[in-house]
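Peer 1: After the sequence you'll find the predicted model.
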Amino acid sequence: AQSVTQLGSHVSVSEGALVLLRCNYSSSVPPYLFWYVQYPNQGLQLLLKYTSAATLVKGINGFEAEFKKSETSFHLTKPSAHMSDAAEYFCAVSEPSGGGADGLTFGKGTHLIIQP
Amino acid sequence: EAQVTQNPRYLITVTGKKLTVTCSQNMNHEYMSWYRQDPGLGLRQIYYSMNVEVTDKGDVPEGYKVSRKEKRNFPLILESPSPNQTSLYFCASNHRANTEAFFGQGTRLTVV
């Protein structure tokens, strides 16, 4: 069974500061990993995904994430926060070779607050 | 434009009055699913469908029904809504179960 833990339901950073959102996963097989962003009153939008190619994945809006198998982590970072980054962020995992129909399993989300 | 379309966006209803939330995708995806989003609980899968006429329960199926008569459509049915089903609902479609999910804009349901 797969699961995702996102550390910190709320993260607050100053504009221009580093953004770091933490995600740890549990999976019985090498996983696929995803980060989604949800702006107020909108659906979820894919930021980036890891599908067993390069371990450092670049996404939209200047975000990137690094897959670390030894730490079972897939933390999301952005060098310099912008006010428009304020949103809810979800990490998700799936098992590409598990053959199951579970789809993606999501973490509980991290609300990113940007202080001016 | 590739998209998942849900309707309605907002719905207020009374306890026990049957309702249907529609979902349609134009990407010819095999896999479709419904999630509910509640504060502090993230997204929880209600039902999913691997293909036409193939549906199964997710993590929180009680009180919900689905059908998949056509590949593009996956409606969510609440036969007798209750206040604990007040939530934000999302439909999603994937090319396959474990690939990226494309989400609709969401339906905010309030049951009074």
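Peer 2: Okay, I see it. Numbering: from 1, shown residues only, chains lettered A, B, ... in the order given.

Peer 1: Show me which residues of chain B are close to chain A?
Peer 2: For chain B, the residues in contact with chain A (CB under 8 Å from any CB of the partner chain) are B:4, B:31, B:33, B:35, B:40-43, B:45, B:48, B:50, B:56, B:90, B:92, B:94, B:97-106. All C-beta atoms are positioned from the backbone trio N, CA, C, and that covers glycine.

Peer 1: Which members of the residues you listed occur in strands, if any?
Peer 2: Of the positions in the residues of chain B next to chain A, B:4, B:31, B:33, B:35, B:42-43, B:45, B:48, B:50, B:56, B:90, B:92, B:94, B:101-103 sit in strands, assigned by DSSP state E.

Peer 1: now for those, which pair is the farthest apart?
Peer 2: For these, the farthest-apart pair by CB to CB is B:G42 and B:M50; their separation is 23.0 Å.

Peer 1: So if I had to pick from these two, which one is more boxed in?
Peer 2: B:G42 (22 against 17; other CB atoms under 10 Å in any protein chain shown).

Peer 1: show me what contacts the more buried one?
Peer 2: Under the criterion of CB atoms under 8 Å, 6 or more residues apart in numbering or on different chains, the contact list for B:G42 reads A:F90, A:F106, A:G107, A:K108, A:G109.

Peer 1: Sort out for me which of these are in strands.
Peer 2: With strands taken from DSSP E, the overlap with those comprises A:F90, A:F106.

Peer 1: need the contacts of B:G42 in JSON lines with pLDDT and neighbour count, can you?
Peer 2: Formatted as JSON lines, the contacts of B:G42 follow (pLDDT from 0 to 100; neighbours: other CB atoms under 10 Å in any protein chain shown):
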{"residue": "A:F90", "pLDDT": "97", "neighbour count": "25"}
{"residue": "A:F106", "pLDDT": "92", "neighbour count": "24"}
{"residue": "A:G107", "pLDDT": "93", "neighbour count": "24"}
{"residue": "A:K108", "pLDDT": "94", "neighbour count": "17"}
{"residue": "A:G109", "pLDDT": "95", "neighbour count": "24"}
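
Peer 1: could you pick out which of the contacts of B:G42 are near chain B?
Peer 2: Of the entries in the contacts of B:G42, those that also sit close to chain B under the rule CB under 8 Å from any CB are A:F90, A:F106, A:G107, A:K108, A:G109.

Peer 1: so the first one makes contact with A:T105?
Peer 2: No - counting by CB atoms under 8 Å, A:F90 does not reach A:T105; the two are 10.5 Å apart.

Peer 1: residues in contact with B:Y48?
Peer 2: With the criterion set at CB under 8 Å, 6+ apart, B:Y48 makes contact with A:A101, A:D102, A:G103, B:Y31, B:M32, B:S33, B:W34, B:T55, B:D56, B:G58, B:A97.
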